[in-house]
Every structure is written in C-alpha cells, then in structure tokens.
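Participant: Give me a model of this one.
(one chain, ligands or ions: 1)
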Amino acid sequence: MPPAVEANADGLIGPTHSYAGLSPGNLASGKNRGLASNPKAAVLQGLQKMRLLADLGLPQFVLPPQERPDIAFLRSLGFVGSDATVLADAWRDAPAFAAAACSASAMWAANAATVTPSADSADGRVHFTPANLVTNLHRSLEHRQTTRALDALFPDPDRFAVHDALPPVAHLADEGAANHVRLCAEHGAPGVNLMVWGREAWEGWTGLFPARQTREASDAVMRRHGATGAVLARQSRDAIAGGTFHNDVVCVGALNVLFHHELAFEDTAATHEAIRRAADGRFEPVFVEVSNADLPLGDAIASYLFNSMLIQVPGHNRLTLICPTETQENARSRAVTERLVASNGPIGEVRFVDVRQSMRNGGGPACLRLRVVMTDAELAATNPAMRLTPELHDRLTIWAERHYRDELVARDLADPDLLNESRAALEELTGILRLGSDFYPFQRA
Ligand code: SUG
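Facilitator: Alright, predicted model coming up:
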C-alpha cells in the first residue's frame, strides 16, 4: 500500500462573483440576494485560504474559474448578434436566464466532482465524476468546463480517469463531493465512502426545499468508479427543510473521524452502524456528534461550523479544523470548538479563515475545495503549473488586483465591459496555469 496525502484543489473565484439569490434552500443565497459583492476581495480571500493550506504542508491546486457571462448558453436560448447584443437582449427579455449565465458558482469546487482515490477504485486509478448539478440552472452550466479543468489538472490517463458527468436529468441529480465523505485508517489505505442522498429518483419529493442529490446518482457514481466500501445514507428531511442544501453543511470527516450534527442523517444509528460494518475492523470509526440542544440546526447553518476543512497537518497528532470566521462569531458554535480542543477527542486545533464573500452565498471553507487523495506518483503526474506555490500565490494576487472589480451590483452584470474584462483576465490566466490556448469557449470561437 503506497502512502498517500490529501491534496486540495480550490476553485479560483471568478470576476463575476455576485449575489443573485439563485439557490432555493440555501438560506444565505436567498438572504443576501441583491447585495453588492466584491469580486476582488472574494478572490483574494480564496487565495489566502489556499496559501494557508499550502503553508501547513498540504498539496494545494488551483482550479480556474469558468467563462462568465456564459454567452454560448444564452445563444442556445435563441439570442443572436454580437456578444454584447446577446447579453443586453438576454437581460432585457430573460433576466433569470441572464443571471444564471453570469454566476461565478464554479468556485465551490466541492461540487465540481466526486473523487475516488486509487486505494478504493477497482482499476487502481483515481476516478472523478464531475457533478451534473442539475437542480439549479446556474450550476447545471458548469460540468462540461469542469471536465476540461480536471483533464488539465489530471492529464495522465494511466493514473486518472476523468469521466463525463452523469446524464443531466433530475433522476440522477448529483452535487459531487459535497455529499461524500471518505473515512479510512490513513489516506493511502482502503476507505469507506459515505454517500449522503436527499431523495430517491422516483419518490414524490414534497419538501419545502429541493433535495439535490438522488440515491441513484450516488449509487451510479460509486458503481462507475468501482469504489469499494460504499455506504449510502439518507440525509435527514429536517436538515434539508432547515437549509442543509448539501450534507457538508452539517457534516465533515477525515481519516477515521466523522464530525456531524445530530440532525444530519435520517437514521443516525443505522448510518453509524453501516460505516462500522464497512470499515470491517480495518479501522475503528470515531463519531463526534453535536446535539441539537448544544447547537441548534439554525446556528450550525448560519455559522457553518461543519462546513470546515478537517485536516491532518503533517507532524500533528490530532486533527485541525479550519472554520470560517462566522463560526468564531457565533457563541454556541465557538463554544463547541472550545470543547473539542479542550477534550481529549480527535480534533485538537481550530483555526479560522475569512471567506466572507463566499459565505454570503452559502459557501464556506469546505465548499471551496475538492479533496483528492494521491500517492507520490499520482501527485507527480498532476499539472505542476496548477499547483499553488508561494510564487503562484503572489502572481495570482497581482493578477486579481489588476483585473477584478471591487464592487458589483446586479446591473453591472449586464455591462459588456465586464464581459471583456473577464475574458482578458481569463486569457492571461490560461498562460499562468498553462491551460492551453483553447481552454475557454471564447478562445475557441
Ligand atoms: O450551490 N451557492 C452555492 C453554494 C455551494 C456551496 N457548496 C457546498 N456546500 N459544498 C449553491 O447553492 C449561490 C449563488 C447566488 O445566489 O448568486 C450559490 O450558487
């Protein structure tokens, strides 16, 4: 069993980052609709977080933003003429579609794909299934370009299998790694793959908010990856009704530890038992459960305690939890973190990062990253230009400061100058990350 490490690939936040209220059931998205955003602050916050993880010794990669506004999508709806005309006409005649076409939502890389490391896959390769994200229009526009980005980062077909997304239909609604937790004794050892789903494909879902992941999608992803140790568990209906649009809003795991809210699963005892059975004595799962009495679901969702990165910092015995500053500002959530550290439990350190711009759209530290467990040989086969070094961090900081605006309101999204500025930024970025000259649709036109 070759040893492996857990790398993170974060979505670089795009120049059209905005608050358009596009995600029903994501309370932050609804609440902050119409607020002015600051794309420059957003991308710099994301880069700071990446830098922290790299400095802590975890391999860190950058996934490029997507081209937005998505003019090709608007053309597919019958808008014609120059790109500026398409954008103007779409905002005039079909503003909901235009807003979807402008979203920078690919930044939440936890939704980019589900990943199965080579230790768990039938053919010994690392498998990726980009998420079709069909539940929300704006997110359903991401998966083709996400596939390109993953191909660019993981180019060696002998080591990496980048699949197409599942067929983009409601029966197979898939949100990627946001509903997946891998548990194991150590990263390179075979793991247990917990897949949390919200509804069944053919059940009549009558919840107030959408259940974004189907059982059938989770099952299909595990099947096509040839993944061992799959455990499928139902997300609790109460959690979804309370605003848990992805399981990672109330649950995170690493190594043998699953840290979750009492209301995360429909049947917690059965979920724990299924994980224990799947671990099959290879490791003893440790469940760190926070009760609804200690932390009401509403506080968990507002403060994003569980949308944290749970990581093994090289050289540290206990795990580190990287939380958003909102967790520190919520008295109940902060008290939970203090108790974790004071206890003899598996989580020994808590750090806070400022990702407020993303948080206002319901995206915490865990949403911004895709975890990829890799052996040294696999790591060596990744695209080195996409790996965050201090030099790349500094270069991207300068790049963002030059290209990004520091304020965007809804009407700015219709501005043809923003389209041109975004393309100029992405054009330069393709050179920095060595993505080739035909990575973006505008470069292929
Ligand atoms: O899909 N927000 C994203 C947040 C995704 C968070 N990811 C994870 N939990 N892994 C979503 O709901 C809001 C965009 C807007 O309203 O403008 C948005 O798409």
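
Participant: make it CA atoms for all contacts and neighbour counts henceforth
Facilitator: Will do.

Participant: Spell out which residues of the protein are next to the ligand.
Facilitator: 18-23, 26, 29, 105, 108, 110-111, 178, 246, 248-249, 361-363, 367 (CA under 6 Å from any ligand atom).

Participant: Out of those, name the ones that lie in helices.
Facilitator: S29 (DSSP state H).

Participant: Now list the buried members of the residues of the chain next to the ligand.
Facilitator: If you count burial by 16 or more other CA atoms under 10 Å, the buried members of the residues of the chain next to the ligand come out as 18-23, 26, 29, 105, 108, 110-111, 178, 246, 248-249, 361-363, 367.

Participant: quick one: contacts for the residue of the stretch 301-445 of the chain found nearest the ligand?
Facilitator: Relative to the ligand, the nearest point of the stretch 301-445 of the chain is C367 (3.7 Å; CA to the nearest ligand atom). Residues near C367 by CA atoms under 8 Å, 6 or more residues apart in numbering: 108-111, 178, 248, 307.

Participant: Look up the pLDDT of it for me, please.
Facilitator: Looking at C367, its pLDDT stands at 98.

Participant: That one and Q443, how far apart?
Facilitator: In this structure, C367 and Q443 are 28 Å apart, going by CA to CA, to the nearest Å.

Participant: Secondary structure of T337: a helix, I assume?
Facilitator: Yes: counting by DSSP: H, G, I helix; E, B strand; the rest coil, T337 is located in a helix.

Participant: residue in the stretch 201-350 of the chain nearest to the ligand?
Facilitator: Closest contact between the stretch 201-350 of the chain and the ligand, by CA to the nearest ligand atom, is at H246 (5.2 Å).

Participant: I figured that residue hits P210, correct?
Facilitator: No: checked against CA atoms under 8 Å, the pair H246 and P210 is beyond contact range at 10.3 Å.

Participant: on that earlier part again, so which of the contacts of C367 is the closest to V86?
Facilitator: Of all the contacts of C367, V86 sits closest to W108, with 27.0 Å by CA to CA.

Participant: what about the most far-flung residue of the chain relative to its centre, distance to the ligand?
Facilitator: The C-alpha centroid of the chain is most remote from G81, which lies 34.9 Å away (CA atoms, centre = their mean). Distance, G81 to the ligand, using CA to the nearest ligand atom, to the nearest Å: 27 Å.

Participant: List the residues that contact that residue.
Facilitator: Not one residue lies near G81 by CA under 8 Å, 6+ apart.

Participant: Let me see the confidence value for C102.
Facilitator: pLDDT, C102: 98.

Participant: Now it: closest residue in space, sequence neighbours ignored.
Facilitator: P69 (4.2 Å; CA to CA, 6 or more residues apart in numbering).

Participant: residues near the one you found, how many?
Facilitator: A count of neighbours around P69, defined by other CA atoms under 10 Å, yields 27.

Participant: for it, helix, strand, or coil?
Facilitator: On the basis of three-state DSSP, P69 is classed as coil.

Participant: My read is that it contacts L419, right?
Facilitator: Yes: with contact defined as CA under 8 Å, P69 reaches L419; the gap is 6.5 Å.

Participant: Next up, the contacts around the residue most central in space within the chain.
Facilitator: The chain has A110 as the residue nearest its centroid, 1.7 Å off, counting by CA atoms, centre = their mean. Neighbouring residues of A110 by CA under 8 Å, 6+ apart: 176-178, 366-371.

Participant: Please repeat the previous calculation with a cut-off of 10 Å.
Facilitator: A110 makes contacts with 8-11, 131, 175-180, 248, 363, 365-371, as judged by CA atoms under 10 Å, 6 or more residues apart in numbering.
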